[in-house]
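Participant: When you get a sec, could you give me coordinates for this:
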Amino acid sequence: MILKNNRSFLNQSGFTLVEILAAFSIFTVIVAAQTSLWFSAKKALLTVESKGQKDVMKNRFIQDVHSQVNGYQIHFQTSVEAEADLEFNKLSMAWNTNDVYLAEECPACAGRAGFIVQPFELPGDNVTYRGVYRMVLKIYHKDFFPEGVNQEFLFTGK
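Facilitator: Here you go, the predicted model:
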């Protein structure tokens, strides 16, 4: 009887070390792939949110300026001189996916925005057209558009 019990103890089945390492390797590869996909999806979501926020800000600035153009600073400089005020470090508005702030209130915000409003004149012509304005809007984001997005609009004052 003792011999029989001893033999059954030696004959127990289980996983070998190789099988355990193979299972752990497969599990590690699956977790690494899922983590990579999760980070890619998160980056894509931030990109979409930032670009959507850029469009929201652009539309907000255009509506505000168009509705009350007389309340804004009109730049009577040449286009080149006025657009020098649209460099990243000179802009007074900071933004992230939540809201727009003064640059001093949010120095860590990745985005900056600003615009200039000028009387409209045709290229090469020094004549400005009364009541027609050119708005140049510049929006930056350190991660998604570090060189800035430049958009121009023409509108008439009310």
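
Participant: use CA for all of it now, contacts and neighbours both
Facilitator: Will do.

Participant: Pretty sure Glu147 sits against Lys138.
Facilitator: No - using CA atoms under 8 Å, Glu147 is not in contact with Lys138, being 9.8 Å away.

Participant: which of the two has more neighbours?
Facilitator: Lys138 (22 against 14; other CA atoms under 10 Å).

Participant: Now do the contacts for the spatially closest residue to the more buried one that is not a sequence neighbour.
Facilitator: Spatially, and ignoring its direct neighbours in sequence, Lys138 is nearest to Asn150 (4.7 Å; CA to CA, 6 or more residues apart in numbering). Listed by CA atoms under 8 Å, 6 or more residues apart in numbering, the contact partners of Asn150 are 136-139.

Participant: now, which of those residues sits nearest Pro107?
Facilitator: Nearest to Pro107, judged by CA to CA, of the contacts of Asn150 is Ile139 at 15.7 Å.

Participant: The closest one - that's part of a strand, no?
Facilitator: Yes - the assignment for Ile139 is a strand, going by DSSP: H, G, I helix; E, B strand; the rest coil.

Participant: C-terminal to the one helix or strand in the chain whose mean pLDDT sits lowest, what's the next element?
Facilitator: Comparing helices and strands within the chain by mean pLDDT, DSSP states H and E singles out helix 2-10 as the least confident, with a mean of 56. The C-terminal neighbour of helix 2-10 among helices and strands, as given by DSSP states H and E, is helix 17-67.

Participant: Skipping adjacent residues, who's closest to the residue nearest the centre of the chain in space?
Facilitator: In the chain, the centroid-proximal residue (CA atoms, centre = their mean) is Ser50; its distance is 3.3 Å. In this structure, Ser50 finds its nearest non-sequential neighbour in Thr97, 6.0 Å apart by CA to CA, 6+ apart.

Participant: so where's the chain shaky on pLDDT?
Facilitator: Confidence mapping of the chain against pLDDT under 70 gives the ranges 1-12, 66-73, 157-158.

Participant: so the residue nearest to Lys138 is in which element?
Facilitator: Using DSSP H and E, Asn150 falls in strand 145-156.

Participant: Note down every partner strand of that strand and its orientation.
Facilitator: strand 128-141 (antiparallel) (DSSP bridges).

Participant: Just the CA trace of the partner strand, in CSV.
Facilitator: Extracted as CSV, the C-alpha positions of strand 128-141 are listed here (Å, rounded to 0.1, in the frame of the first residue of the first chain):
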residue,chain,number,x,y,z
THR,A,128,-8.6,101.1,-48.3
TYR,A,129,-12.3,100.3,-48.8
ARG,A,130,-14.6,101.9,-46.2
GLY,A,131,-16.6,99.4,-44.2
VAL,A,132,-14.7,96.3,-45.5
TYR,A,133,-12.4,94.6,-43.0
ARG,A,134,-9.8,91.9,-43.3
MET,A,135,-9.4,89.6,-40.3
VAL,A,136,-6.4,87.4,-40.0
LEU,A,137,-6.8,84.7,-37.4
LYS,A,138,-3.8,82.6,-36.1
ILE,A,139,-4.2,79.5,-34.0
TYR,A,140,-1.3,77.5,-32.6
HIS,A,141,-1.1,74.2,-30.7
